[in-house]
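Chemist: What follows is a predicted protein model with its sequence.
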Amino acid sequence: MAQLKRKLNGLRRSPRALVVVLFAGLLVVGSGYTAVQAAVSPSTAVTRSQEQIDLGKRIFLSNCASCHGKNAEGTMNGPSLIGVGEASVDFQVSTGRMPGAASGPQLEVKPVQFTEEQISALAAYVGSLADGPSIPDASYLQANGDSTKGGELFRINCAMCHNAGGAGGALTQGKYAPNLMGSSEKTIYEAMLTGPQNMPVFNDANITPEEKNDIITYLKYLQNNRSVGGDELGNLGPVVEGLVAWLGLLGLIIAITIWLGAKSN
Amino acid sequence: MSNTANTQKKNGFLAGTANYVDERVGVGGILKEFGRKIFPDHWSFMLGEVALYSFLVLLLSGTFLTFFFQPSMTDVIYDGVYAPLKGAHMSIAYASSLDITFEVRGGLLMRQVHHWSALLFVAAAGLHMLRVFFTGAFRKPREINWVVGFVLFVLGMAAGFTGYSLPDDLLSGNGLRIIDGMIKGVPFIGTGISSLLFGGEFPGHAIVGRLYSLHIMLVPALILVFLAVHLFMLVIHKHTHYSGPGRKDTNVVGYPLMPVYVAKAGGFFFIVFGVIMLIATFFTINPIWNYGGYDPSPVSAGTQPDWYIGWLDGALRLAPTGIEFMIGDYTVSTNILLPLVVSLVFLALVAIYPFVENWVTGDKREHHVLDRPRNAPVRTAIGAAGVMFYAVLWAGASTDLIATNFKMSLNQVLVTMQISLIILPIVAFLVTKRVCLSLQRKDREIAIHGRESGRIVRLPHGEYIEVHEPLDPHDLYKLVDFKDYKPTLARPNAQGKITVAARLRSSLSKFYFEDRIAPATQTEIDEAAHHAHEIEAEVQKAIESSK
C-alpha cells in the first residue's frame, strides 16, 4: 500500500504528469465551453452546399491564405479565422476592408473586390471550419424598432467612439471609429456582433437582437433625416462651427468692411 | 409776423416735436456735440462695430428665446414631434429647447441666429483686440480702455459658456462635467465650490437655473455696463487714425458722426444682421436633437466647447500627465492646475501689456496716430508669439478631429502640439521681428532713394545705374512718420543706487529697442535727393552728347 502510494506520488511528480493534467483540463474546459457556447448562441441553420464551400476555399487560397494561412489557421501577418464565423467574413469583405491593401493601424473601407456570390462562398467556407456568429436574420434588419430606445443605447454604448451623431471619432495611435452615416443595416448588425478590428463585441447577451434592431432603427433615422437646420457641417460639432464662424461669417463681414472702406477712399 | 408763422408751418410736425424735446431734454446740445464727433475711415476700425452689432443681434434673438425656454431640470417624458426622442426621459430645459427647435415658429432660426451671432461676437471682439494691439492703439491715453475691452472679451466668453450649457443636452452636459472636474481640481476649496455651484453632487438639479440667471441677467448687464464705459471712453479719447499727411497726435481726420457715420453705421448694422441671418438659415449649429438629453454616463466622441473656450480645452488636453503628486493623502492634480495657471497667466499678461510697454518706453505722451506694426518690431513679435501660443492651444482642442480627418495618429498629433506650444511662439517671435526689421529697412531704403524705376542707364564711362524715382510726398510721409525709441540705460536714483527695478527696466528696454531701424531723416532724404540730381544730370548729359 505504502509502495503504491509512493509510486503514485512518483508519477504525480514526474514532468509528464503536468502534460497529462493540462491536456485533461483543456479537454474538459474546451468541450464544456463549446457545449455551452452552442447552447447560448445556436447558429441559425445555415445551408451551405459543398460546392459553395469548395468555391470559397478556392477564393480563400488565392486571396486570403498568404496572411491567414492555408487552412485559415493564421500566420504572423494575420489572425486565425477558425471560429470567426460568417458574419465576420461578410462584414470585412463586403465593406471592402478585406482583402487588406496594406497593414496599418486599421483597415480602410475601399471598393469591394468580390461579387456577392463570391463573398457568401467565402463566408460559407470560413463558417464551415468552426462555428461562429452567422449572418444576421433579415428580420432584425428591417429598421422597424424603437428609435428612442435605440438612440439611448447608441449614446450609452457607441457614442463615445462613434460620436453622438454617428460622425465617427479618433482612437489611439491612428485608429479610429468610422463614420456610420453610410453603413447598411447588415453592416451595423455584423459590426456589433463580431467586433471588427478595434471595436468591442456586443454579443446577444449584451445587446439583444431586438435592441440591435433598435440601434439600427435610430441610425437609419439619422441617415434618412438630415438636419432640419440647414447644412450639417459634417456633424462634427463646435470645431467646424468655429471654423465657419471665423472663415465664413467673420470673413464675409470683413470682406464687406473692406469694400465699405474702399468706397470712401 | 406772418413770416414766422409761415416757417413754422413749413417745418410742421417734425420741427415742432424736435423743439418740444430739445426745450425739455437739451438734446440739441448733445447732438451738436456728439454729432460732430469725427470718425476716420478704415476697414479695420469696423471690427469693434461688428462685435457691437452682433451683441445687439444677441439681445434681440436671446429675448425671443427666453419667451419659450424653461430653465428647469425636472424630469419629464418627451412628447414632442422629434421621433427618435419620443418617450425619452429628459429635463424640462432640454424638452423646451427641443420645442423651440421643432414646434415654435421661427424658433430654430432664432436659436441658430443666437448661436452664430455669439460665435461672431467673440470672434469680432478678438480680432478687434488684435487690431488694437498691433497698431499700438492701447497706448496713452487708452490703457484703461484696453482693460475695459479685455474685460468685455472675458465677459463674452462667460456669456457664451453659460449659454452653451442651458439646453441641457449631452454635449453641453459633457462641457459642464469638464468644468466641474476643473473646479474640483483646485486644491482644498475645489470640492466645496463645486458642490456650492451645482447644489450638491454633479449634475444636481440646480445648475441650469443658476446658469440661466447668470446668462440672461448678470452677464449681459455687465457687458452693457462695460460697453457703455468702452464707448464713452472712445468718445472722450476721440478715435485714433493711421499715419498720413496732416494726421497728427493732436487731431482726428475723418467724417462726422452726423450725418455720415450714423448712416454708414446704421446700414452696416443691417449688413451684419443680414449676414448672420444668411448663415443661420443655411448652416446648422448645435444640433441638440442629435445629442439627446444629458445623462452623466455617456460621453460623445468629438465633444468640444464653442471656439472661444477651445483654447482652454486645448490647454487641458496638452497638459503633461504623470506629474501629479500627493501631499499626505491629498492628490495635487497638476494635469488640471497647470493648464489653469497657464491660461490665467496668459490672460493676465494680455490685460497688463499696455502698462508694461508704457513702463519700458517711459513715454508719457499721448498717442493718437497708430503705429504700422512693422514700426514696433518687438511689440509685433510679442503679439505674434501670443497669437501662436493661443493658436496652438486652440488647435489642441481638436486633436481628435485633426487625427481622423488627416489620417494621423492621435498620440503623435498630441505630442507634436505639446512641443509646438513651446517652440512655435519662439519661432514666431524671431521670424516676426526679423520680418518687421527687414520691412523697415526696405521702407527706409525707399524713403531715401525712391522707387526703383526699372530704367537701366549706361554712363559714358561704362557704369550701369538704375534710375530711382523720388516718392510722392504723401507716400513718403507714411514711411518716415513714426516714433523711434532708443534703449535706455539704468540710471542711479537720488540715493545714487541703481535699483533692481531700474535694472529690469533697462534690460527690457534693451530687449525692445536694441535692434532698431531709425526712420529716414530729412537730411538723409535731402542728401540722397541731391545725389540723385547729380546722377540725373550726368544721365542727361550722356544722352545729350550721344545725339
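Modeler: Structure's in. What do you need?

Chemist: alpha carbons only for contacts and neighbour counts from here, please
Modeler: Will do.

Chemist: tell me the contacts of whatever residue of chain B ends up closest to chain A?
Modeler: Among the residues of chain B, B:Ser409 lies nearest to chain A; the distance is 3.5 Å by CA to the nearest CA. Under the criterion of CA atoms under 8 Å, 6 or more residues apart in numbering or on different chains, the contact partners of B:Ser409 comprise A:Thr172, A:Gln173, A:Gly174, A:Lys175, B:Ala403.

Chemist: If we use 7 Å, what do you get?
Modeler: For B:Ser409, the residues meeting the contact criterion (CA atoms under 7 Å, 6 or more residues apart in numbering or on different chains) are A:Thr172, A:Gln173, A:Gly174, B:Ala403.

Chemist: Could you turn the buried ones of those into a ChimeraX selection?
Modeler: The ChimeraX selection below is limited to those of the contacts of B:Ser409 classed as buried (16 or more other CA atoms under 10 Å in any protein chain shown):
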select /A:174 /B:403
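
Chemist: and of the contacts of B:Ser409, the nearest to A:Lys149?
Modeler: Set against A:Lys149, the nearest of these by CA to CA is A:Thr172 (29.5 Å).

Chemist: leaving aside the residues next to it on the chain, what's closest to the residue in chain A that chain B sits nearest to?
Modeler: When distances are taken as CA to the nearest CA, chain A approaches chain B most closely through A:Gly174, which lies 3.5 Å from it. Spatial nearest neighbour of A:Gly174, excluding adjacent residues (CA to CA, 6 or more residues apart in numbering or on different chains): B:Ser409 at 3.5 Å.

Chemist: picking that back up, out of the contacts of B:Ser409, the closest to A:Ser120 would be?
Modeler: A:Gly174 (31.1 Å).

Chemist: How about the contacts made by the closest one?
Modeler: With contact set as CA under 7 Å, 6+ apart, A:Gly174 has these partners: A:Pro105, B:Lys407, B:Met408, B:Ser409, B:Leu410.

Chemist: Need phi/psi at the residue of chain B closest to chain A.
Modeler: Backbone dihedrals for B:Ser409, given as degrees, to the nearest 10, come out at phi -80, psi 130.

Chemist: low pLDDT regions in the chain?
Modeler: Using chain A here. A:1-2, A:8, A:10-11, A:35-47, A:263-265 (pLDDT under 70).

Chemist: hm, I was asking about chain B
Modeler: B:1-11, B:547.

Chemist: Grab the most central residue of it for me.
Modeler: Residue closest to the mean C-alpha point of chain B, counted by CA atoms, centre = their mean, is B:Gly126 at 1.8 Å.

Chemist: Leaving out sequence neighbours, find the closest residue to it.
Modeler: In space, B:Gly126 comes closest to B:Phe153 once its chain neighbours are excluded; the distance is 7.0 Å by CA to CA, 6+ apart.

Chemist: which SS class is that neighbour?
Modeler: The three-state assignment at B:Phe153 reads helix, by DSSP: H, G, I helix; E, B strand; the rest coil.

Chemist: Hmm, B:Leu257 is touching B:Asp41, no?
Modeler: No: the pair formed by B:Leu257 and B:Asp41 falls short of the contact definition of CA atoms under 7 Å, at 11.5 Å.

Chemist: quick one on the thing from earlier: mark which of the contacts of B:Ser409 are part of helices, please.
Modeler: B:Ala403 (DSSP state H).

Chemist: ok, of the contacts of B:Ser409, which one's closest to B:Phe198?
Modeler: Distance to B:Phe198 across those (CA to CA) is lowest for A:Thr172, with 33.1 Å.

Chemist: List the contacts of the residue nearest to the closest one when sequence neighbours are not counted.
Modeler: Among residues not flanking A:Thr172 along the chain, B:Leu410 sits closest, at 5.6 Å (CA to CA, 6+ apart). Contacts for B:Leu410 (CA under 7 Å, 6+ apart) come out as A:Ala170, A:Leu171, A:Thr172, A:Gln173, A:Gly174, B:Thr399, B:Asp400, B:Ala403.

Chemist: which non-adjacent residue is nearest the first one?
Modeler: Just to be clear, that refers to A:Ala170. Using CA to CA, 6+ apart, the closest residue to A:Ala170 is A:Tyr176 (4.4 Å).

Chemist: Surely that neighbour and A:Gly169 touch.
Modeler: Yes: shown here, A:Tyr176 and A:Gly169 form a contact pair, counting by CA under 7 Å, at 5.9 Å.

Chemist: List the residues that are in contact with both of these two.
Modeler: Taking CA under 7 Å, 6+ apart as the contact rule, A:Tyr176 and A:Gly169 both touch B:Thr404.

Chemist: biggest helix in chain A by residues?
Modeler: Taking DSSP H as the assignment, the helix of chain A that covers the most residues is helix A:15-40.

Chemist: any idea where the helices of the stretch 101-250 of chain A begin and end?
Modeler: Taking DSSP state H, counting those that start in this stretch as the test, the helices found in the stretch 101-250 of chain A are A:116-129, A:147-157, A:159-162, A:185-194, A:209-224, A:238-243.

Chemist: Pipe these into a markdown table and attach distance to chain B and mean neighbour count per row.
Modeler: Written out in a markdown table, the entries for the helices of the stretch 101-250 of chain A read as follows (distance: least, CA to the nearest CA, whole Å; neighbours: other CA atoms under 10 Å in any protein chain shown):
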| stretch | distance to chain B | mean neighbour count |
| --- | --- | --- |
| helix A:116-129 | 29 | 23 |
| helix A:147-157 | 4 | 23 |
| helix A:159-162 | 4 | 23 |
| helix A:185-194 | 17 | 22 |
| helix A:209-224 | 7 | 22 |
| helix A:238-243 | 5 | 21 |
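
Chemist: and of the ones you listed, who's closest to B:Ser420?
Modeler: Go through the helices of the stretch 101-250 of chain A one by one with CA to CA and the one that ends up closest to B:Ser420 is helix A:238-243, at 19.9 Å.

Chemist: And the contacts of the closest one?
Modeler: Outside helix A:238-243, the residues that reach it (CA under 7 Å, 6+ apart) are A:Leu233, B:Leu119, B:Ile285, B:Gln304, B:Pro305, B:Asp306, B:Trp307, B:Ser398.

Chemist: Counting neighbours, what do you get for the fourth one?
Modeler: Translated: B:Gln304. Residues contacting B:Gln304 under the criterion other CA atoms under 10 Å in any protein chain shown number 21.

Chemist: quick one on the thing from earlier: and the two most separated of the contacts of A:Gly174?
Modeler: The span of these, defined through CA to CA, is set by A:Pro105 and B:Leu410 at 11.5 Å.

Chemist: how about the residues of the stretch 301-450 of chain B near chain A?
Modeler: Taking CA under 7 Å from any CA of the partner chain as the test, the list of the stretch 301-450 of chain B residues beside chain A reads B:301-302, B:304-307, B:398, B:400-401, B:403-404, B:407-411.

Chemist: By neighbours, which of the residues you listed wins?
Modeler: Note: the member of those with the most neighbours is B:Gly302, at 28 neighbours, neighbours being other CA under 10 Å.

Chemist: My read is that it contacts A:Ala167, right?
Modeler: No: with contacts defined as CA under 7 Å, B:Gly302 does not count as touching A:Ala167, sitting 8.8 Å away.

Chemist: Give the intersection of the neighbour lists for those two.
Modeler: Taking CA under 7 Å, 6+ apart as the contact criterion, the common neighbours of B:Gly302 and A:Ala167 are A:Leu236.

Chemist: before we move on, back to that, want to throw the contacts of B:Leu410 into TSV with distance to B:Thr101?
Modeler: Formatted as TSV, those follow (distance: CA to CA, whole Å):
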residue	distance to B:Thr101
A:Ala170	30
A:Leu171	33
A:Thr172	36
A:Gln173	39
A:Gly174	37
B:Thr399	31
B:Asp400	29
B:Ala403	32
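
Chemist: and A:Lys70, what does it touch?
Modeler: For A:Lys70, the contacting residues are A:Leu61, taking CA under 7 Å, 6+ apart as the criterion.

Chemist: how does it look with 10 Å?
Modeler: With contact taken as CA atoms under 10 Å, 6 or more residues apart in numbering or on different chains, A:Lys70 is in contact with A:Lys57, A:Phe60, A:Leu61, A:Ser62, A:Cys64.
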